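Enquirer: Provide a 3D model corresponding to the input given below.
(chains A and B)
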Amino acid sequence: MVSLRDLFLNGGGIPVIDSHGHLGPFNAIYMPEAKLEAMIAGMDRCGVESIILSPHAALWGDIREGNREMLDAVNRFPGRVYGYCTVNPNYPQDIPGELDAYLDQPGVVGIKIHPGAHECPVTDERYRPVWERANKLKLMLLSHTWGHDGGCGSTDMRPVAEQYPDVRLLLGHSCYNDWDGAIALAVEFPNVYLELTAAYHAYGLIERMCREAGSEKVLFGTDYPWFDPMVAIGCVTYAHIQEPDMRNILYNNARRLLDEQLAR
Amino acid sequence: MKLFDCDIAYGRGTFALPREVETLEDLVAELDHCGIDQGLVWHRDARERDFDAGNRRLVEADAYPRLHPVRTFVPTCCEEMPAAEDFIRHLRADGVRAVRAFPAPHRFVLGPVACGDLLDLFAAYSIPLLVPLQDMPGIWSGVYDVMRNFPRLTLIMTETGCWGEDRYFRPLMKTYPGFYVTTSRLETAGQLKGIVDKAGPEHVLFGSGLPFNYPGGYILMLMRADVDEDAREAIAHGNIERLLGEVPW
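Expert: This next block holds a predicted model:
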């Protein structure tokens, strides 16, 4: 039987779901595949069946424009593109309206927050309506997380994981470089998932996540169009883990979460 | 396809990694797992503790013909190093064909005043110099200074970062034939194809950054990149073989 690794190496593959995507240009980084059409072509090249994204315009600048761009992408490529409604706590007055406008739209499966870019700790009061809505609707919520503390580190995520047990909480970047803290959260809270964007490169980390938290708690993600999905796929398929674990990470776990949202 | 990894290390470091590559046996086992044929290897002591201790540890790599040791240097000013000409003689005697520097953590400037004696000889003998980007004082402006001062040097920047640094390094590729980057953390989507199409495959070397990175990520990126087979071969092994072949020993 051909291994998953060799399957990808020889130009084939299995379907992959990317749970952490973006869309459009962003000043700080040169991204040749930033446009939607280029992203779809890149997804085809890498075997990425679907991506769940939040446009850069929804993270920096006027997020209302970014959320419109998200919905347009979802509608143009149904089944290939799913969306996160993004909120910016620096404009708290906009939050209820944005959530109302998008969360019932077909293909919008959750909420994205970026406490780092928005310089607002995840436990800040301005995020409360977001957490409450996500908890009530049992939504996926992808939060940028980084390190141990500083507003979106593992210690910051603990109280929200505890307080909102029905949120499907994706730790974006798995609290980068505080692997102990991120894995501990995933072990302790059934609703917390380790998302691999940027973290995937750290040699041996995927094995550790599978061993300690279980491969069902690890989600494939790439920040695409930031990072080439093939890099992350290579990290997963060359890791010293079993193929069922690879399939969980690359597809099964995200499929299960997506299906749950699509049945909402 | 043959793979020659320009950036692999081993040894226990100050901070534990999720999976350690402590010994040369560990290293070779992972190279086998990934299908990597040869590598330029350094010991983590050379960066984190004592460059000379790291160099001495590397003697054990002589038992593995597929591993090519990379010698770390500091400036000769404090006489911790042999004089530049003697250093080159030692490289020749030991068959070492590449060198490394970690200027920022080792507190020196990689420029003509501090390192001109060495860098002039590296350029003269076509000895490739590898430097991790984060260890270059001034980061990219430091790289520009090095290339401006030593335009004939073969400089290989490793770990150049995952954030699409093309605006920094494409002008260097256009200006200096001896400027290279490795694939470690060169992971922006479409980036490799862009470099190959616009700057040419001769400026990129396969280098994984093991044990800090999974080699498999960069292997799959290279093997599945939308570039022609000649370019893929050049990056996978041809470029570094050419560079090492230019060293006169």
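
Enquirer: does the closest residue to residue A:139 other than its chain neighbours sit in a helix, a strand or a coil?
Expert: The spatial neighbour of residue A:139 that comes closest, neighbours along the chain excluded (Cβ to Cβ, 6 or more residues apart in numbering or on different chains), is residue A:110 at 4.7 Å. To be clear about C-beta, it is placed using only N, CA and C from the backbone, and glycine gets the same treatment. Per DSSP: H, G, I helix; E, B strand; the rest coil, the secondary structure class of residue A:110 is strand.

Enquirer: mind checking how far residue A:110 is from chain B?
Expert: Computed as Cβ to the nearest Cβ, to the nearest Å, the residue A:110 to chain B distance reads 23 Å.

Enquirer: Report pLDDT for residue B:166.
Expert: What the model reports as pLDDT for residue B:166 is 96.

Enquirer: list the contacts for it?
Expert: If a contact means Cβ atoms under 8 Å, 6 or more residues apart in numbering or on different chains, then residue B:166 has A:30, B:188, B:191, B:194-195 as its contacts.

Enquirer: Pull up the residues of chain B that are close to chain A.
Expert: Contact residues (Cβ under 8 Å from any Cβ of the partner chain) of chain B with chain A: B:17-21, B:33-34, B:162-167, B:185, B:187-194, B:210-221, B:223-226.

Enquirer: Which of the residues you listed fall within helices?
Expert: Among these, the members found in helices (DSSP state H) are B:33-34, B:166-167, B:191-194, B:215-221, B:223-224.

Enquirer: Pull out the buried members of those residues.
Expert: Among these, the ones that count as buried by 16 or more other Cβ atoms under 10 Å in any protein chain shown are B:34, B:166, B:191-194, B:215-221, B:223-224.

Enquirer: Report the secondary structure state of the residue sitting nearest the centre point of chain B.
Expert: Centroid check for chain B by Cα atoms, centre = their mean gives residue B:130 as the closest residue, at 3.5 Å. At residue B:130 the chain is in strand, as set by three-state DSSP.

Enquirer: What distance do you get for residue A:179 to chain B?
Expert: 6 Å.

Enquirer: got a list of what that residue touches?
Expert: Applying Cβ under 8 Å, 6+ apart, the residues near residue A:179 are A:199, A:202, A:205, A:208-209, B:18.

Enquirer: Just the pLDDT at residue B:85, thanks.
Expert: With respect to pLDDT, residue B:85 scores 98.

Enquirer: contacting residues for the closest residue to it other than its chain neighbours?
Expert: In space, and not counting its chain neighbours, residue B:85 is closest to residue B:121: 7.1 Å by Cβ to Cβ, 6+ apart. By Cβ under 8 Å, 6+ apart, the contact set of residue B:121 is B:84-85, B:87-88, B:127.

Enquirer: So which of those residues sit within helices?
Expert: B:84-85, B:87-88.

Enquirer: I'd like to know which of these are buried.
Expert: So, by 16+ other Cβ under 10 Å, the buried ones in the ones in helices among the contacts of residue B:121 are B:84, B:87-88.

Enquirer: in chain A, which helix has the most residues?
Expert: Per DSSP H, chain A has its longest helix at helix A:63-76.

Enquirer: in that helix, what counts as buried?
Expert: For helix A:63-76, using 16+ other Cβ under 10 Å, the buried residues are A:63-64, A:66-71, A:73-74.

Enquirer: Show me what that helix is packed against.
Expert: With contacts taken as 3 or more Cβ pairs under 8 Å, 6 or more residues apart in numbering or on different chains; DSSP states H and E, helix A:63-76 sits against strand A:81-86, helix A:95-102, strand A:108-113.

Enquirer: And the second one, how far out from the chain middle?
Expert: From the chain centre to the centre of helix A:95-102 is a distance of 20 Å (Cα atoms, centre = their mean, to the nearest Å).

Enquirer: same check, this time on the first one
Expert: Going by Cα atoms, centre = their mean, the spacing between the C-alpha centre of strand A:81-86 and its chain's C-alpha centre is 10 Å.

Enquirer: re the thing from before, quick check: the farthest pair among the buried ones among the ones in helices among the residues of chain B next to chain A?
Expert: B:34 and B:166 (26.6 Å; Cβ to Cβ).

Enquirer: Spell out which parts of the stretch 1-150 of chain A neighbour chain B.
Expert: Residues of the stretch 1-150 of chain A lying near chain B (Cβ under 8 Å from any Cβ): A:5, A:8-9, A:11, A:28-33, A:38, A:42, A:45-46.

Enquirer: still on that earlier bit, contacts for the longest helix of chain A next, please.
Expert: A:23-24, A:36, A:53-59, A:81-88, A:91, A:94, A:98, A:101-102, A:105-108.

Enquirer: Now that we have those residues, which of them are buried?
Expert: A:23-24, A:36, A:53-59, A:81-88, A:94, A:98, A:101-102, A:107-108.

Enquirer: Quick one: neighbours of the nearest residue to residue B:200 once chain neighbours are set aside, just the number.
Expert: Among residues not flanking residue B:200 along the chain, residue B:173 sits closest, at 7.5 Å (Cβ to Cβ, 6+ apart). Neighbourhood size, residue B:173 [other Cβ atoms under 10 Å in any protein chain shown]: 19.

Enquirer: What residues of the helix or strand residue B:173 falls within count as buried?
Expert: In this assignment (DSSP states H and E), residue B:173 forms part of helix B:166-175. Buried residues in helix B:166-175, counted by 16+ other Cβ under 10 Å: B:166, B:168-170, B:172-173.
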